[in-house]
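K.L.:
sharing a model prediction with you, sequence too.
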Protein chains: 2
Amino acid sequence: MYNENCFQLGSNRSCIRELFEYGCRRAAEVGRENVYDYSLGNPSVPAPDGVNEAIRAILSDTDSVAVHGYTSAVGDLATRQAIADDLNARYDAGVKPENLFITCGAAPGLTAVFRALATENAELLAVAPFFPEYRPFAEGAGLKFKVVPADVPAFQIKLDALEAMMTPNTAAIILNSPNNPSGVVYTRETLEKLADLLSRKSAQYGHPIYLVADEPYRELTYGGVEVPFLPTIYPNSIVCYSYSKSLSLPGERIGYVYVPQNAADSKALYAAIAGSSRISGHVCAPSLLQKVIARCANLRPDLEAYDRNRRMLYNALTSYGYEMAKPDGAFYLFIKAPGGDSEAFSEKAKLKDLLVVPGTDFGCKEYFRICYCVKPEMIEKSLPVFKALIEE
Amino acid sequence: MYNENCFQLGSNRSCIRELFEYGCRRAAEVGRENVYDYSLGNPSVPAPDGVNEAIRAILSDTDSVAVHGYTSAVGDLATRQAIADDLNARYDAGVKPENLFITCGAAPGLTAVFRALATENAELLAVAPFFPEYRPFAEGAGLKFKVVPADVPAFQIKLDALEAMMTPNTAAIILNSPNNPSGVVYTRETLEKLADLLSRKSAQYGHPIYLVADEPYRELTYGGVEVPFLPTIYPNSIVCYSYSKSLSLPGERIGYVYVPQNAADSKALYAAIAGSSRISGHVCAPSLLQKVIARCANLRPDLEAYDRNRRMLYNALTSYGYEMAKPDGAFYLFIKAPGGDSEAFSEKAKLKDLLVVPGTDFGCKEYFRICYCVKPEMIEKSLPVFKALIEE
């Protein structure tokens, strides 16, 4: 008398979590310094100082009942205003507080949007490689989940393959840029062509096709690469954001959904997202953290540590002969497995206490992912292992 | 191209929210001190001092990356251990950390449990009067929602009516004690009879019937009344708890689900709850607040202010001739509407700027709810209005 699908989803841990926990067990056996764990995307730089300063200030200058009290389900007005101001200052995007819905991070934002888009037979297309949780999120929300094959080796978007997979039931495409796992940022050129395609197909099918932009890594870019703000290119873009990475607050669960004013059915869609949040038990996002965002929405992370790791790994691994996509953002490298089978490679690496995630669940089984939000000393010690593995 | 049911749930605000917002508009017109707003169950006593002290201490003594980092989806071990210790000290209940799943408050705990119990045609029974969100939570999770009529005027449980409504599809009963809206605490006698009934019907149907205990008001009781811990009476009890009321942290979204070790299919059900949380986008409960609970799980609220309000209202209103259930817990009075139509009474009261919630959505249209977590001065000023309304 329990739901079998929920049981399976709760019992079958993700491959990433399994690896991470294997790493913890190995660390207990051989010492943490002898395990090279690249499995988990857990930010390693602390939150900007302003965050903890804001928490202390709020506890001092705001009435405790207000600090910890319910906010409206859509979020505190001051928080939404601060986010709108920040987006407008950067993208001249015309964001208003009433277009923003504050969520417990990007994940519940995505599931709320998916459920809000779930009409009968509706389909969601994801572009490989993609964050594996999109599949249970979409299927749990009642959407059919379809995967557009990866554009290897550049990891932009195969628009012809995408077009061939679209049907009148296509409700939305989900995009994640900077991308987990590839670290690639979709170019303006790619996104403009995508917008043309979606506009044309929307007209053909007689209904809007939404672009759902999952953007926790928006601020994590290197070398000045542009991350275009999708709603300025394609108005039917729904942005799901999280402060997990940009403010290094992954455990605090704070983010938002942005439904542009000029998106098709903007108000109805916003209401449907509110309704879908309501039936998943959303009451409001954590109130203290909402107040932190009201004061810190314009803070940016210190990326120097990530960038140093990125360059060290990219330079060393390419010099050994590894091939990978150009890593302009996030904190991942997506690397072609020597031999072309990432699961076999991951198993071989595991024997040398090097933990890398096979790309299978991301929709690219030839590639493996490493996450470089780690200590530089670990990288240095691990490089000979990478070298040995490609030479074997 | 959006989900109509989600749209309706997001557009049709609850009656309570509507009233509350009407109150805010009226306050702007006639002054806050001239509106007697009893609509919203928003705690009015501050969190115990220990809570903000714990936040400051955690920011000082714990590494910032750990404070704000991901915890495991089930919650920090230290947090679960502290909760288990607190429950065991009070109820000798044999709770272990692995039986606890930390949630973003009771609401997402309930929706996760409901979805985990949603097998084909499964039914959930609620006992009137009940918290109105149970209906969208249950239906959104895929359960059929059925209401057992209220046991007027004591507001215990009509066991014969409950038994008559049970079928082989009955998966669970949801109970809320201390009760919103009645303020009543179910007695040990009531609960023992209920446990007998459920055991007998479980045997008859050949499957466990779970009791889902929604317990945000567990610590809010007056006059030393006992709130029995359900798992010690009926092992197939799943407890959904929140610190919203007991620590006055309603906006912070922190609570737990407890699946007793000796409940039927305990481990599988726990896994199903984890899976169902996963597809609703649960990653972890807010990490700073988890650490607060690890230090504050044994703090109790200062109820003196609530109790004073309760006695003032109960004594005055009964002296005017109002009839109500004995209000032993929570912060609500559930009062019989003069004339027997709570919607008409609420409208009449509104004309005098007295805001009370009709019982219709709670499953008892003859009664209205008032929430007494308000300022005592407001109560004093409102009493003549109550008096005038019953004399009319």
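P.N.:
Yep, that arrived.
K.L.:
so who does A:Cys15 touch?
P.N.:
Applying C-beta atoms under 8 Å, 6 or more residues apart in numbering or on different chains to A:Cys15 gives the contacts A:Pro132, A:Val357, A:Pro358, A:Thr360, A:Asp361. All C-beta atoms are positioned from the backbone trio N, CA, C, and that covers glycine.
K.L.:
one more time with 10 Å, if that's ok
P.N.:
Counting by C-beta atoms under 10 Å, 6 or more residues apart in numbering or on different chains, A:Cys15 touches A:Ser39, A:Pro132, A:Glu343, A:Ser346, A:Val357, A:Pro358, A:Thr360, A:Asp361, A:Phe362.
K.L.:
and the least confident helix or strand in chain A by mean pLDDT, which residues are buried?
P.N.:
The helix or strand of chain A with the lowest confidence, counting by mean pLDDT, DSSP states H and E, is helix A:15-30 at a mean of 88. Burial within helix A:15-30, assessed by neighbour count using 16 or more other C-beta atoms under 10 Å in any protein chain shown, is assigned to A:Cys15, A:Ile16, A:Leu19, A:Phe20, A:Tyr22, A:Gly23, A:Arg26.
K.L.:
list the buried residues of stretch A:194-203.
P.N.:
A:Leu194, A:Ala195, A:Leu197, A:Leu198, A:Lys201, A:Ser202.
K.L.:
ditto for stretch A:166-173
P.N.:
Under 16+ other C-beta under 10 Å, the buried positions of stretch A:166-173 are A:Met166, A:Asn169, A:Thr170, A:Ala171, A:Ala172, A:Ile173.
K.L.:
what does stretch A:318-335 give?
P.N.:
Applying 16+ other C-beta under 10 Å to stretch A:318-335 flags A:Tyr322, A:Met324, A:Ala325, A:Pro327, A:Asp328, A:Gly329, A:Ala330, A:Phe331, A:Tyr332, A:Leu333, A:Phe334, A:Ile335 as buried.
K.L.:
which residue ranges of the stretch 251-392 of chain A form strands?
P.N.:
A:255-258, A:332-336, A:354-355, A:357-358, A:367-371 (DSSP state E, counting those that start in this stretch).
K.L.:
using PDB, list the CA coordinates for the second one.
P.N.:
It refers to strand A:332-336. Extracted C-alpha coordinates of strand A:332-336, given in PDB (Å, rounded to 0.1, in the frame of the first residue of the first chain):
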ATOM      1  CA  TYR A 332      32.200  21.200 -14.500                       C
ATOM      2  CA  LEU A 333      34.400  19.600 -17.200                       C
ATOM      3  CA  PHE A 334      32.700  17.100 -19.500                       C
ATOM      4  CA  ILE A 335      35.400  14.900 -20.900                       C
ATOM      5  CA  LYS A 336      35.500  12.200 -23.600                       C
END
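K.L.:
now the angle between strand A:367-371 and it, please.
P.N.:
150 degrees (axes from the mean of the first three to the mean of the last three C-alpha atoms, to 10 degrees).
K.L.:
please, a ChimeraX command that selects the buried ones among the contacts of A:Cys15?
P.N.:
Selection of buried members from those for ChimeraX, criterion 16+ other C-beta under 10 Å:
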select /A:39,132,346,357,358,360,361,362
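K.L.:
restricted to helices, list the contacts of A:Cys15.
P.N.:
Of the contacts of A:Cys15, the ones assigned to helices by DSSP state H are A:Glu343, A:Ser346.
K.L.:
okay, the contacts of A:Cys15 in CSV with pLDDT and distance to A:Gln8 next?
P.N.:
Shown next, in CSV, are those (pLDDT from 0 to 100; distance: C-beta to C-beta, whole Å):
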residue, pLDDT, distance to A:Gln8
A:Ser39, 92, 22
A:Pro132, 94, 15
A:Glu343, 96, 21
A:Ser346, 97, 23
A:Val357, 96, 21
A:Pro358, 96, 20
A:Thr360, 95, 18
A:Asp361, 94, 15
A:Phe362, 97, 20
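K.L.:
doesn't B:Ser248 make contact with A:His68?
P.N.:
Yes: under the criterion of C-beta atoms under 10 Å, A:His68 makes contact with B:Ser248 at 6.4 Å.
K.L.:
right, and A:Gly69 touches B:Val45 too?
P.N.:
No: using C-beta under 10 Å, A:Gly69 makes no contact with B:Val45, being 11.2 Å away.
K.L.:
quick check: closest non-adjacent residue to A:Leu77.
P.N.:
Leaving aside its sequence neighbours, A:Leu77 sits nearest to A:Pro97 (C-beta to C-beta, 6 or more residues apart in numbering or on different chains; 5.9 Å).
K.L.:
what about the one you found, neighbour count?
P.N.:
17 (other C-beta atoms under 10 Å in any protein chain shown).
K.L.:
near chain B too, which of the buried residues of stretch A:194-203?
P.N.:
When C-beta under 10 Å from any C-beta of the partner chain is applied, the members of the buried residues of stretch A:194-203 adjacent to chain B are A:Ser202.
K.L.:
which residues touch the residue lying closest to A:Lys381 once chain neighbours are set aside?
P.N.:
Excluding the flanking residues, the one nearest A:Lys381 by C-beta to C-beta, 6+ apart is A:Tyr36, at 6.8 Å. A:Tyr36 makes contact with A:23, A:349, A:352-356, A:370, A:374, A:378-379, A:381-383, A:385-386, according to C-beta under 10 Å, 6+ apart.
K.L.:
mind checking which of these are buried?
P.N.:
The neighbour count (16+ other C-beta under 10 Å) marks A:23, A:349, A:353-356, A:370, A:374, A:378-379, A:382-383, A:386 as buried among the contacts of A:Tyr36.
K.L.:
show me what contacts the closest residue to A:Thr318 other than its chain neighbours?
P.N.:
Spatial nearest neighbour of A:Thr318, chain neighbours left out: A:Met324 (7.2 Å); criterion: C-beta to C-beta, 6+ apart. Contact analysis of A:Met324 by C-beta under 10 Å, 6+ apart lists A:153, A:155, A:182-184, A:313-314, A:317-318, A:332-336, A:367-368, A:370.
K.L.:
now A:Met324: how far from A:Gln290?
P.N.:
Distance check for A:Met324 against A:Gln290: by C-beta to C-beta, to the nearest Å, it reads 38 Å.
K.L.:
same thing with A:Ala297?
P.N.:
Distance from A:Ala297 to A:Gln290, by C-beta to C-beta: 11 Å.
K.L.:
what's the answer for A:Phe368, then?
P.N.:
38 Å.
K.L.:
neighbour count for those two, which is higher?
P.N.:
A:Phe368 (28 against 21).
K.L.:
ok, the more buried one touching A:Phe345?
P.N.:
Yes: between A:Phe368 and A:Phe345 there is a contact under C-beta under 10 Å: 6.0 Å.
K.L.:
residues bridging contact with the two, i.e. touching both?
P.N.:
What both A:Phe368 and A:Phe345 touch, as defined by C-beta under 10 Å, 6+ apart, is the set A:Ile335, A:Lys336, A:Ala337, A:Pro338, A:Val356, A:Pro358, A:Gly359.
K.L.:
from those residues, which is closest to A:Ser11?
P.N.:
A:Pro358 (20.1 Å; C-beta to C-beta).
K.L.:
and the residue nearest to A:Lys381, what's its pLDDT?
P.N.:
Listed pLDDT for A:Tyr36 reads 96.
K.L.:
quick check: bridge partners of it?
P.N.:
A:Tyr36 forms beta bridges with A:Leu354, as assigned by DSSP bridges.
K.L.:
what do you get for A:Asn176?
P.N.:
A:Asp214.
K.L.:
quick one: contacts for it?
P.N.:
So, once contact is read as C-beta under 10 Å, 6+ apart, A:Asn176 ends up touching A:106, A:110, A:126-127, A:129-131, A:134, A:182, A:184, A:186, A:212-217, A:240, A:330.
K.L.:
then A:Arg308?
P.N.:
A:Arg308 touches A:Tyr372, A:Pro376, A:Ile379, counting by C-beta under 10 Å, 6+ apart.
K.L.:
also A:Leu288?
P.N.:
By C-beta under 10 Å, 6+ apart, the contact list for A:Leu288 reads A:54-55, A:58-59, A:62, A:67-68, A:252, A:254, B:52, B:55, B:249, B:251-252, B:286, B:288-289, B:292.
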